[in-house]
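J.: sequence and predicted model, in that order:
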Amino acid sequence: MKKYILALDLGTTSIRAIVFDKSSNIIAKEQKEFTQFFPYNGWVEQDGKEIWQTLQTVIANLMVNQHIDLADIESIGITNQRETTLIWDVTTGLPIYRAIVWQSMQTNDICETWKKNGYEELVKSKTGLPINPYFSASKIRWILDHVKKSSKKLEISNLRFGTIDSWILWKLTGEHKTDVSNASRTMLYNIFDLCWDKQLCETFGIDMQLLPEVCDSSYLFAKTNPNVFFHYEIPICAIAGDQQASMFGHGCFEPGIVKNTYGTGCFLLMNIKDKPYLSQNGLLTTIAWSIDGVVDYAIEGSIFVGGSAVQWLRDSLQIITTSVESESLAKQAKEDHGVFFVPAFVGLGSPYWDNEAKGTIFGLTRGAGKAEIARATLDSIAYQTRDVLEVIAEESKQEIHRLRVDGGASENELLMQFQADITNTDIDVAHIGETTALGVAYLAGLATGFWKNQQEILQYRQVKKSYRGKMSEINRNQLYRKWKKAVAATILFK
Ligand SMILES: Nc1ncnc2c1ncn2[C@@H]1O[C@H](COP(=O)(O)OP(=O)(O)O)[C@@H](O)[C@H]1O
Ligand SMILES: O=P(O)(O)OC[C@H](O)CO
């Protein structure tokens, strides 16, 4: 048996290649950011070609800088930012438009029309999702309409739709496939019947020829083409959306376990095994993964702006030079600063689903400065998490005492302590911060017998640090009431 599994983590802001050994240690890691385009208010796009080139650079760096011999790689797992939509032409090998990113609101009008036409119940009953620009369906419609209008020739049989996993799989192997976890985020996949939904595709005018074949998450998708993968033919044995992969990496195998990933956005998922239900309070029903045809479902709260609010402090306000500095700056804020920031840069996701909301700051006094803004930004990540956690607890009728966490911003100790304080929940930060990559590595390794079963995987789980709430109940409730008022006012301000 070969020594390692390679995880390719195609995230929103960067591409990572991470090599794991059998004890789930990180042996090597390379990472590279790529360009985000913000052509108009609320639009977010990426260049599919650049994503492919960035991946190739990252793999080359893994070999050159980290001295990884690809001959030691047993199999590859691909995990990705979900929903982000690309359409390419197989005759040119090129995308016909930029990738429309999950955060982008440019398809809001299409979604409003679909809502006005009364499709909401239909969509939710089949996909577990509300109609929203977040998901892929309206992005596909937009690209097809837009490219047609700019009078380029569209030969539908030459076009392929994919989320970023499918695009990269196609570039690496020539196969057009995805997995169930990614398919479940398109708003076209029937999560109960486990197939592309003909009625929805017809309703939205999306030709089913465009869609990839949907497979188990842990499965031999194809082997890399040696001509494009540094002369190596390596099996790709897993694909999973990044949030579901992180859930797997945290070992959330039993019903009721909840994880939160603090990346660009924040995503809380709770395993609900084989009992999918439709949320009445703004959560999503989604597929966690499928292994040997057995599907685990999850209930999810998607927060659109998490760590990206910290990037805004860095790039737009320029009050910090690195995201890490947000912590030391926020520590300088007065304890009773009274500033609240609702970072609705691209509307609000769970549980509010308001696409028109805009970011708003409340409670400024002459004494408020950059430290208070930084503190309110970190606090907003924790408040949004509580919003979702409350709904998960209410709908699942169970108290949540513990949250498993990972992602860039989970390194921020001030934020993690405030998270524990404001939710009165224990916060366990994963020992392996790259939980998403680890999760898809596990899924790939399970397909080949590198790891025997989920039981074996659980023995590698370790917590790096735990935080316990210290805030008084009165204080906690007072702060949270103010946050709710701030959100209500943000929603009113249109
Ligand atoms: N110490 C920190 N404090 C607060 N935010 C942080 C910190 N480190 C990273 N971040 C934020 O976390 C995000 C990056 O996390 P990551 O898990 O790599 O995200 P993604 O997978 O979405 O690209 C960025 O938005 C960054 O601003
Ligand atoms: O790239 P991330 O980690 O911010 O994840 C993005 C999500 O998959 C969007 O649904």
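T.: Alright, I've got the coordinates. Ligands and ions are numbered 1, 2, ... in the order given.
J.: first-to-last residue distance for stretch 364-373?
T.: Distance between the two ends of stretch 364-373: 9 Å, counting by Cα to Cα, to the nearest Å.
J.: also stretch 404-414?
T.: Stretch 404-414 stretches 17 Å from its first residue to its last (Cα to Cα).
J.: and that stretch, how far out from the chain's middle?
T.: Relative to the chain's own centre, stretch 404-414 is displaced by 15 Å; criterion: Cα atoms, centre = their mean, to the nearest Å.
J.: from what I see, residue 494 and residue 356 are in contact.
T.: Yes - using Cβ atoms under 8 Å, residue 494 is in contact with residue 356, at 5.5 Å. The C-beta positions use only the backbone N, C-alpha and C, and glycine is treated the same way.
J.: more neighbours, the two?
T.: Taking other Cβ atoms under 10 Å, residue 494 and residue 356 do not tie; residue 356 has more neighbours (13 against 8).
J.: would that one count as being in a helix?
T.: No - going by DSSP: H, G, I helix; E, B strand; the rest coil, the assignment for residue 356 is coil, not a helix.
J.: so it touches residue 493, yeah?
T.: No - at 9.6 Å, residue 356 does not count as touching residue 493 under the criterion of Cβ under 8 Å.
J.: quick one, longest helix in this structure?
T.: In the chain, assigned by DSSP state H, the helix with the most residues is helix 370-396.
J.: and after that helix, which helix or strand comes next?
T.: strand 402-406 (DSSP states H and E).
J.: packing partners of whatever helix or strand comes next after that following strand?
T.: Later in the chain than strand 402-406, the nearest helix or strand by DSSP H and E is helix 413-423. Packing partners of helix 413-423 (3 or more Cβ pairs under 8 Å, 6 or more residues apart in numbering; DSSP states H and E): helix 325-331, helix 370-396, strand 402-406, strand 426-430, strand 463-467, helix 473-492.
J.: residue contacts, the residue of the stretch 151-300 of the chain found nearest ligand 1?
T.: Closest to ligand 1 within the stretch 151-300 of the chain is residue 263: 2.9 Å, counting by Cβ to the nearest ligand atom. Contact analysis of residue 263 by Cβ atoms under 8 Å, 6 or more residues apart in numbering lists 11-12, 242, 306-307, 407-409.
J.: for this structure, what helix or strand is lowest in average pLDDT?
T.: helix 136-149 (a mean of 91; mean pLDDT, DSSP states H and E).
J.: for that helix, what is the distance to the chain centroid?
T.: With Cα atoms, centre = their mean, you get 22 Å for helix 136-149.
J.: what angle do the lengthiest strand in the chain and helix 370-396 make?
T.: Counting by DSSP state E, the longest strand found in the chain is strand 294-303. Counting by axes from the mean of the first three to the mean of the last three Cα atoms, to 10 degrees, strand 294-303 lies at 140 degrees to helix 370-396.
J.: all further residue positions should be reported with the first residue as 157.
T.: Okay, residue one is now 157; in that scheme the one you just asked about reads as strand 450-459.
J.: list the contacts of residue 222.
T.: Neighbouring residues of residue 222 by Cβ under 8 Å, 6+ apart: 175, 184-186.
J.: actually residue 351, sorry about that
T.: 345, 370.
J.: give me that answer again for 6 Å
T.: With contacts defined as Cβ atoms under 6 Å, 6 or more residues apart in numbering, residue 351 has no neighbours.
J.: before we move on, back to that, neighbours around the residue lying closest to the residue of the stretch 307-456 of the chain closest to ligand 1 once chain neighbours are set aside, how many?
T.: Spatial nearest neighbour of residue 419, excluding adjacent residues (Cβ to Cβ, 6 or more residues apart in numbering): residue 563 at 4.2 Å. Residue 563 has 27 neighbours, counted by other Cβ under 10 Å.
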